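In: Just a sequence and a predicted model for now, questions to come.
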Amino acid sequence: MRTNSDGEIATKCCCINNQVPKYAPHFQGLMTTAASVKYIIPVYKKPSLTNGDGDSFVSYLETKQWL
């Protein structure tokens with residue numbers, strides 16, 4: 001079993017951190033639990049089968065963008 005060295009992990013994290021602003025420019029970092037709850041409740045309360053929402057996975061942004 002191969003394990004990552006600290007240097008490899010740091011390199012991968014740096015690479016990911018550089019890609020986040022390109023993918024989600026609005027992302028400001030982790031949010032509080034209260035803020036997370038505020039965003040996630042409409043995600044499961046608003047959709048309905050009559051609106052055609054039965055087969056999609058959406059994020060807290062109510063889109064398919066997950067960050």
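Out: Received, thanks.

In: can we go C-alpha only for contacts and neighbour counts from here?
Out: Fine.

In: Pass me the low-pLDDT residue ranges in this structure, would you?
Out: 1-4, 13-17, 47, 53-56, 60-62, 64-67 (pLDDT under 70).

In: Buried residues of the lengthiest helix in it, list them for me.
Out: Criterion DSSP state H: the longest helix present in the chain is helix 6-23. When neighbours are counted by 16 or more other Cα atoms under 10 Å, no buried residue of helix 6-23 is found.

In: just checking, next helix/strand downstream of it?
Out: helix 33-45 (DSSP states H and E).

In: what's that following helix packed up against?
Out: Identification of packing neighbours for helix 33-45 by 3 or more Cα pairs under 8 Å, 6 or more residues apart in numbering; DSSP states H and E yields no helix or strand.

In: Kindly tell me how buried Lys45 is, as a neighbour count.
Out: 8 (other Cα atoms under 10 Å).

In: Please apply the same query to the one 4 residues further on.
Out: Taking other Cα under 10 Å as the criterion, the count of residues near Leu49 is 8.

In: where does it fall, phi/psi-wise?
Out: phi -70, psi -30 (degrees, to the nearest 10).

In: Okay, it and His26: tell me how far apart.
Out: Leu49 sits 30 Å away from His26, going by Cα to Cα, to the nearest Å.

In: repeat for Lys12
Out: From Lys12 to His26 the distance is 22 Å (Cα to Cα).

In: likewise Asn51?
Out: Taken as Cα to Cα, the span from Asn51 to His26 is 28 Å.
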